[in-house]
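Visitor: Here is my input, please return the structure:
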Amino acid sequence: HVQLVESGGGSALAGGSVRLSCAASGYAFNTYSWFRQAPGQEREGIAVIEPRGNVRYADSVIGRFTISRVNTANTLYLEMNPLKTEDTAKYYCAAGESFTLNEESFDHWGQGTQVTVS
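Guide: Next comes the predicted model:
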């Protein structure tokens, strides 16, 4: 049974930082990614990482967010700094086999964690 569980969301001030974690269990996937969805907007892929550590970011977060993973622990992280008010969204981790930010390529999703920036 595949399970992805996010943690670390909450409220933060603009200019501050938040670190999200995602614990994966049940299967070791090739790629892990972070998506986010703000109210009234489509879900957006923001970062993806593959086993060798290659990463890809959306333009909206490049230079501010850092995705990382610990393969032995099947854990994914997202360091967000500095935050902007427009980063307010529900953040999801996802697992799959393709090195892409296209959500259709990911079959396994966490329940999401809210990040609110004021």
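Visitor: Could you measure from Gly9 over to Val18?
Guide: 7 Å (C-beta to C-beta, to the nearest Å). Backbone N, C-alpha and C define where each C-beta goes, glycine included.
Visitor: Spit out the residues that contact the two alike.
Guide: Shared contacts of Gly9 and Val18, defined by C-beta atoms under 8 Å, 6 or more residues apart in numbering, comprise Val115.
Visitor: Neighbour count for those two, which is higher?
Guide: Neighbour tally, Gly9 and Val18, criterion other C-beta atoms under 10 Å: the higher count belongs to Val18, 21 against 18.
Visitor: Who is that one paired with across the strands?
Guide: Met80 (DSSP bridges).
Visitor: ok, it - contacts?
Guide: So Val18 contacts 8-10, 12, 80-81, 83, 115 (C-beta under 8 Å, 6+ apart).
Visitor: same question, Trp34
Guide: 20, 22, 45-48, 65, 67, 76, 78, 91-94.
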